[in-house]
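J.: Build me a structure from this.
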Amino acid sequence: MANLSKTRTLFGFTSPRTVEKIIPEIAILATSFNGRKWDTDTQTAFFRELFASEWYEGNKMPKNISLAARDRITRAPKALGFIDLKPEIRLTEVGSRLLSGKRTAEVITRQLLKFQLPSPYHRTPADRRFNVRPYLELLRLVKELGKVSKMEIAIFFLQMTGYEKFTAVADSIKTFRVDVAYHTGNRKEFIDKRFTEEIRKIYKDDIETNNTMTRESSDASVAKFIKTKKSNHIDYADALIRYLRATQLVSFDKKTYRLIIAPSRVEEVEFILKHVERHALEATEQEYKAYLFDPASLSLLTDNRRYLENRLKLLGARFDQSAGIDSLKDLLEATEQRVVAQSIHETEVSLKEYKEFDNITEVFQNIVREEVPDPSLYLEWNVWRSMVMINYAREIKGNFSIDLDGVPLNIAMGNMPDIEITYEHFKLIIEVTMSAGNKQYEMEGEPVSRHFGNVQKNTSQTVFCLFVAPKISEGALAHFFNLNKMNTRAYGGKTRIIPMNLTQFIRFVSVAREYHFNDSKNLQDYFDTIIDQNGKADDEIVWSEYIANSVSSWVRAR
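T.: Have a look, this model is predicted:
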């Protein structure tokens, strides 16, 4: 049972990072450990199997393995009702529906709307008063205010520990926006100062009683305490956004990147806000489980036959009037997927002739300035747009997903490259990351080379991998430099992984535009030259300098 003794606000599930990553993890737990006790031995065995799977990102085993397992399972998967751990491990009915791969957004929506504080899964101190369904109220806030930023969620929404505080929180955000608009000094400093003031207010009792020790730090100063709480609030806001995005009920405004109600889902959201109970359910653990595990315990507009029929007609889909509700839902999902595919095609067409070059460059700048809500997702999407823009490939496949309104939705799953491109005589995969320093090597070193190997072993064509990050860490650079020199059977022989920082990649795209790139053989020759220099260079720094110096003339290098 989670202990909320140190919790004075709402929180988001920071592990797994996205709700979609729950799917392969509970599949492993349900397949290999069904019926077993959720004890230290099972937790350790589960995490070791997860660590060895193609889904795990990173190559460093945690020191406390059982704790790492609990971190993955007892937070989101258990709290959202996908897995039951007591008296023994079992997949719930809603968990089975999640693993089916059908109507995933609908399954996730129901469970997020059921999540509440307090709950029998959370031990709540007597001095804390919770009465809220966080995702329901966040959805309501977005609808009420039109647009909501991550910072507004971090500073104000997390204080909504009871739904009766909704009006006060909404009014605080409105006032905050007016204050920011009229402030004539440094905007960023003003917002940070207001953030600090709110943190001091929220944690007033802790500060006054010197209860300011933070986890994993011996520094008990107030300054350190406030800094840590602000960081936690931003992490929680980010997590709340990521999980709510998985419902596809919300999207991002294309100009401001603020959270908005998805234009294609307004009617569904209005139904939810009108019909879903705001009050936290008062129930025993068994009663709560029965509610949480039952797919039919919360109704959505997509359960209404008339709505489904009208929606299908609007999208131009034909259907059998005698078809059941589930069949209509399946048809609607398939139809919407075709709409998304058409949206991607239209995006590809609009990118030709470098019409979106300035916008692509601007998005990269916004990513670096951390002005986008999900930098990893937007980096993946924008690199894909860049490669579509420079053209001359047979196929460019981005393994991220977009929503019905054409906005990036989720990054590629962990068992596949981020982007796969087929040219006339070779293949190129692209891996992108926002991670830096040692974390970049730990998170990306093995997956990138594994993805390269999987593609190389399944084609007779030469394969290259372009690795793009805002900054290339020393560890990742050294790893790829040495791996390219070695014959590794698991990776189909020597790898051909080329690291570029974001500045170099932007220059790479700019040169394609400036010198009218129109021959994929030119690109293959350039990559061959980089790999050839890898073999000749004395060390990774020399090789990296060659990449940096050559990127400005790659189109002319034949």
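
J.: Setting aside sequence neighbours, what's the nearest residue to Asp235?
T.: Thr14 (5.5 Å; C-beta to C-beta, 6 or more residues apart in numbering). Glycine gets a C-beta too; all of them are placed from N, C-alpha and C.

J.: Would you double-check that the one you found falls in a strand?
T.: No: with DSSP: H, G, I helix; E, B strand; the rest coil as the criterion, Thr14 is assigned coil and is not in a strand.

J.: May I ask you to confirm that it is in contact with Tyr236?
T.: Yes: Thr14 is in contact with Tyr236 according to C-beta atoms under 8 Å; the separation is 7.1 Å.

J.: Compare those two (neighbour count), which wins?
T.: Tyr236 (21 against 16; other C-beta atoms under 10 Å).

J.: distance of the more buried one from Gly35?
T.: Counting by C-beta to C-beta, to the nearest Å, the separation of Tyr236 from Gly35 is 34 Å.

J.: now swap in Met443 and tell me
T.: From Met443 to Gly35 the distance is 33 Å (C-beta to C-beta).

J.: Neighbour count for the two, which is higher?
T.: When Met443 and Gly35 are compared on other C-beta under 10 Å, the one with more neighbours turns out to be Met443, at 18 against 8.

J.: count of neighbours near the nearest residue to Gln440 once chain neighbours are set aside?
T.: The shortest distance from Gln440 to any non-neighbouring residue, by C-beta to C-beta, 6+ apart, is to Ser473 (4.1 Å). A count of neighbours around Ser473, defined by other C-beta under 10 Å, yields 21.

J.: what about Ser473, distance to Met160?
T.: Ser473 is 39 Å from Met160, where distance means C-beta to C-beta.

J.: Could you do Leu29 as well?
T.: 32 Å.

J.: my read is Leu409 is in a helix, agree?
T.: No: according to three-state DSSP, Leu409 belongs to no helix; its state is strand.

J.: Just give the number of residues close to it.
T.: 24.

J.: got it, and Leu331?
T.: 19.

J.: wouldn't it be in contact with Leu312 here?
T.: Yes: between Leu331 and Leu312 there is a contact under C-beta under 8 Å: 6.4 Å.

J.: can you list residues touching both of these two?
T.: Phe319 (C-beta atoms under 8 Å, 6 or more residues apart in numbering).

J.: Where does pLDDT dip in this protein?
T.: In the predicted model, the chain carries pLDDT under 70 at residues 1-3, 5, 216, 556-558.

J.: Which residue, neighbours along the chain excluded, lies closest to the residue most central in space within the chain?
T.: Geometric centre of the chain, nearest residue: Thr18, 4.9 Å, by C-alpha atoms, centre = their mean. Leaving aside its sequence neighbours, Thr18 sits nearest to Arg242 (C-beta to C-beta, 6+ apart; 5.1 Å).

J.: so how many other residues sit close to the one you found?
T.: Arg242, neighbours per other C-beta under 10 Å, totals 22.

J.: Give the next helix or strand downstream of whichever helix or strand it is part of.
T.: Element membership for Arg242 (DSSP states H and E) is helix 222-245. Per DSSP H and E, the first helix or strand lying C-terminal to helix 222-245 is strand 250-252.

J.: That next one pairs with which strands?
T.: strand 259-261 (antiparallel) (DSSP bridges).

J.: right, and the helix or strand after the partner strand?
T.: Downstream of strand 259-261 (by DSSP H and E), the next one is helix 266-275.

J.: That next one packs against which elements?
T.: For helix 266-275, the elements it packs on are helix 134-145, judged by 3 or more C-beta pairs under 8 Å, 6 or more residues apart in numbering; DSSP states H and E.

J.: Which elements pack onto the helix it packs on?
T.: Against helix 134-145 (3+ C-beta pairs under 8 Å, 6+ apart) you get helix 104-114, helix 166-182, helix 222-245, strand 259-261, helix 266-275.

J.: what distance separates stretch 115-127 from the centre of its chain?
T.: 27 Å (C-alpha atoms, centre = their mean, to the nearest Å).

J.: Now it: buried residues?
T.: Residues of stretch 115-127 classed as buried: 115-122, 124 (neighbour count, 16 or more other C-beta atoms under 10 Å).

J.: Can you work out which other helices and strands pack against the longest helix along the chain?
T.: When the chain is parsed with DSSP state H, its longest helix is helix 325-351. Applying 3+ C-beta pairs under 8 Å, 6+ apart, one finds that helix 325-351 contacts helix 305-314, helix 375-390, strand 401-402.

J.: a markdown table for the ones you listed, including distance to Lys229 and mean neighbour count?
T.: As requested, the helices and strands packed on helix 325-351 are exported to a markdown table (distance: least, C-beta to C-beta, whole Å; neighbours: other C-beta atoms under 10 Å):
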| stretch | distance to Lys229 | mean neighbour count |
| --- | --- | --- |
| helix 305-314 | 43 | 14 |
| helix 375-390 | 22 | 23 |
| strand 401-402 | 33 | 18 |
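
J.: just so I know, which of the ones you listed lies nearest Asp519?
T.: helix 375-390 (11.4 Å; C-beta to C-beta).

J.: Could you list the residues in contact with the helix or strand where Asn359 lies?
T.: In the assignment (DSSP H and E), Asn359 maps to helix 357-368. Contacting residues not belonging to helix 357-368 are listed as 257, 372, 375, 378-379, 382, 385-386, 389, 434, 470, 502, 506, 509, 513 [C-beta under 8 Å, 6+ apart].

J.: Show me which of those is closest to Thr347.
T.: Nearest to Thr347 among the contacts of helix 357-368, with distances taken as C-beta to C-beta, is Arg385, at 7.4 Å.

J.: Any idea which of the helices and strands packed on helix 325-351 gets closest to Thr462?
T.: Taking the helices and strands packed on helix 325-351 one by one with C-beta to C-beta, helix 375-390 is closest: 17.5 Å.

J.: May I have the closest one exported as PDB, CA atoms only?
T.: Extracted C-alpha coordinates of helix 375-390, given in PDB (Å, rounded to 0.1, in the frame of the first residue of the first chain):
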ATOM      1  CA  PRO A 375      10.800  17.100 -25.900                       C
ATOM      2  CA  SER A 376      11.600  13.400 -26.700                       C
ATOM      3  CA  LEU A 377       8.400  13.000 -28.700                       C
ATOM      4  CA  TYR A 378       8.800  16.300 -30.600                       C
ATOM      5  CA  LEU A 379      12.400  15.600 -31.300                       C
ATOM      6  CA  GLU A 380      11.500  12.200 -32.800                       C
ATOM      7  CA  TRP A 381       8.700  13.700 -34.900                       C
ATOM      8  CA  ASN A 382      10.700  16.700 -36.000                       C
ATOM      9  CA  VAL A 383      13.700  14.500 -37.200                       C
ATOM     10  CA  TRP A 384      11.200  12.400 -39.100                       C
ATOM     11  CA  ARG A 385       9.800  15.600 -40.700                       C
ATOM     12  CA  SER A 386      13.300  16.700 -41.600                       C
ATOM     13  CA  MET A 387      14.100  13.400 -43.400                       C
ATOM     14  CA  VAL A 388      10.800  13.500 -45.300                       C
ATOM     15  CA  MET A 389      11.600  17.100 -46.300                       C
ATOM     16  CA  ILE A 390      15.000  16.300 -47.900                       C
END
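
J.: can you state the direction angle for that helix and helix 222-245?
T.: Relative orientation of helix 375-390 versus helix 222-245 (axes from the mean of the first three to the mean of the last three C-alpha atoms, to 10 degrees): 50 degrees.

J.: and Phe467, which of the three is it?
T.: Phe467 is classified as strand under three-state DSSP.
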